[in-house]
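1. Predicted model and sequence below, questions to follow.
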Amino acid sequence: MIGQSELILNNDGTIFHLHLKPENISEQIILVGDPARVDTISSLFESIEFEIQNREFKTVTGIFNNKRLTLISTGIGTDNIDIVLNELDALVNIDLKKREIKDKKTSLNIVRIGTSGGLQTDLPVNSFVVSKKAIGFDGMLNFYANRKNVCDLSFETAFKQYTKWDNSLPTPYVVDASEKLLEKFESQEFRKGVTISAPGFYGPQGRELRLPLAVPELNRKVEEFSFNDLKITNFEMECSAIYGLSKMLGHNALTICLIIANRVSLTANENYREEMKKLIRKVLNALTN
Ligand SMILES: O=P(O)(O)O[C@H]1O[C@H](CO)[C@@H](O)[C@H]1O
Ligand SMILES: O=c1cc[nH]c(=O)[nH]1
C-alpha cells in the first residue's frame, strides 16, 4: 500500500496537482507548456467533455476527428514533467482507492507540442522539428534507479567526451522517442532532430545577458557535435524528462516543436502563434487519421 504522503489525493479523490480522476483522461495525451495553448487546441475540438485547471496544469478532454484526446499544460521545465508524468501514470496504473499498483498496466501515448530554439543554420525560424532523441541537461532522470536501462549510453559517452563535460553541471542523459509515434511523422516537413532539454532558458541554453556563462564554449561544441550522422538541432525545456519517464513507466512519447528562434542567426519570431496553429492542425491530423 502506498502511503498518504507519497501519493497525495485531494478530498474529492482527485490526484494532488493535476486535480484529475482516472475517468477524466483519454489514453491519448497531448502536452503543451503554455496553458493558453490548451485553449487554442481545444477550440478545434468537436466537443468538450471535461475541463479543469490547478496552477499551471490545465486539462481539457474532448473529441477531435471522432477520437478522444486529453490536453494538459505542463508549465515550464522538467520539474513539472516529473509531476505530470508520475500523476498521469498513477491515474492509469495505480488503484487510487486501494493505493496499490495494478497488475495490468496501461500504456499512454504522450505527444508534446512545444516551442523551441534552433541550433543549426539550416533550421530557420518557423520550421517543425520532431525529436528523435532528447538530451537532458536537467539531471532529473538521474534521481531514478536504473535510468541507464532506458538511455543511449554510447551517445552520452560520445557527447560528454566531445564537449569535455564539466562535472559541476548535471550529468546529461539521452533517451529515444517512441518509434511507434515517430512513424506518424515521416513526412519531410517534419525535420528529425536531437533536442536538448535545459533546466533554464538563459544560462542553461547559453544565453548571456548580464551574467557570464560558466562554460562559454558549450553551445559551439553542441552545434558542432555529431554522432552516427545525427546533429543536435534544438533547445527546449521538457522533452528529456517526458522521454525518460515515459520509457521507464512503459508509455510512448514524442515531442514536436515549432522553432521560434534561431540561435546561430540570432533571429526570432515572437509572433509565432499563427505558425503554432498550423503545427497543431498537422499534429492532430497525424495522430487521429
Ligand atoms: O512553448 P512551450 O511548450 O512552453 O516550450 C518551450 O517554451 C518555454 C520557454 O519559453 C519552455 O517550456 C520551452 O520548452
Ligand atoms: O530558444 C528557445 C525558444 C523556446 N523555448 C526554449 O526553451 N528556448
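-> Sure, I can see it. Ligands and ions are numbered 1, 2, ... in the order given.

2. OK, contacts around Phe155?
-> Counting by CB atoms under 8 Å, 6 or more residues apart in numbering, Phe155 touches 133, 135, 174, 227-228, 230. All C-beta atoms are positioned from the backbone trio N, CA, C, and that covers glycine.

3. Most widely separated two among these?
-> Spatial extent of the contacts of Phe155 (CB to CB) is set by the pair Ile135 and Asn228 at 14.0 Å.

4. Looking at those two now, which is surrounded by more residues?
-> The neighbour comparison of Ile135 against Asn228 (other CB atoms under 10 Å) goes to Ile135, with 26 against 8.

5. Can you tell me what sits against the host helix or strand of Ala90?
-> Counting by DSSP states H and E, the element that carries Ala90 is helix 78-93. If you take CB under 8 Å, 6+ apart as the criterion, helix 78-93 is touched by 7, 15-18, 20-22, 25, 27, 29, 31, 56-57, 72, 74, 96, 101-102, 105-106, 108, 110, 136, 138, 140, 197, 199, 237-238, 240-242, 245-246, 249, 251.

6. mind redoing it with 6 Å?
-> Here helix 78-93 makes contact (CB atoms under 6 Å, 6 or more residues apart in numbering) with 15, 17-18, 22, 74, 102, 105-106, 138, 140, 238, 241-242, 245, 249.

7. Can you select the buried ones from the residues you listed in PyMOL?
-> Buried residues among those (16 or more other CB atoms under 10 Å), as a PyMOL selection:
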select buried, resi 15+17+18+22+74+138+140+238+241+242+245+249
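
8. of all the residues in the stretch 101-250 of the chain, which ones are close to ligand 1?
-> Contact residues, the stretch 101-250 of the chain versus ligand 1 (CB under 6 Å from any ligand atom): 114-115, 201, 236-238.

9. So Thr59 lies in a strand, does it not?
-> Yes. The assignment for Thr59 by DSSP: H, G, I helix; E, B strand; the rest coil puts it in a strand.

10. That one - how many residues pack around it?
-> Thr59: 23 neighbours (other CB under 10 Å).

11. who's it bridged to?
-> On the basis of DSSP bridges, Thr59 is bridged to Ile52, Ile72.

12. got a list of contacts for the helix or strand that contains Gly117?
-> If you go by DSSP H and E, Gly117 is part of strand 109-118. Residues from elsewhere that reach strand 109-118 (CB under 6 Å, 6+ apart): 28-33, 234-236, 242, 246, 251-263, 283.

13. Show me where the stretch 51-200 of the chain has its helices.
-> For the stretch 51-200 of the chain, the helices defined by DSSP state H, counting those that start in this stretch occupy 78-93, 153-163, 179-182.

14. Now do the shortest one: which elements does it pack against?
-> Read that as helix 179-182. On a contact count with 3 or more CB pairs under 6 Å, 6 or more residues apart in numbering; DSSP states H and E, helix 179-182 meets strand 252-262.

15. Name the residues that touch the strand it packs on?
-> Contacts of strand 252-262 (CB under 6 Å, 6+ apart): 109-118, 123, 125, 127, 129-131, 177-178, 180-181, 236, 239, 242-243, 246, 268-269, 272, 275-276, 279, 283.

16. What's the ChimeraX syntax to select whichever of those are buried?
-> Of the contacts of strand 252-262, the buried ones can be selected in ChimeraX as follows, counting by 16+ other CB under 10 Å:
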select :109,110,111,112,113,114,115,116,117,118,123,125,127,129,130,131,177,178,181,236,239,242,243,246,269,272,275,276,279,283
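
17. Sweet, I'm off.
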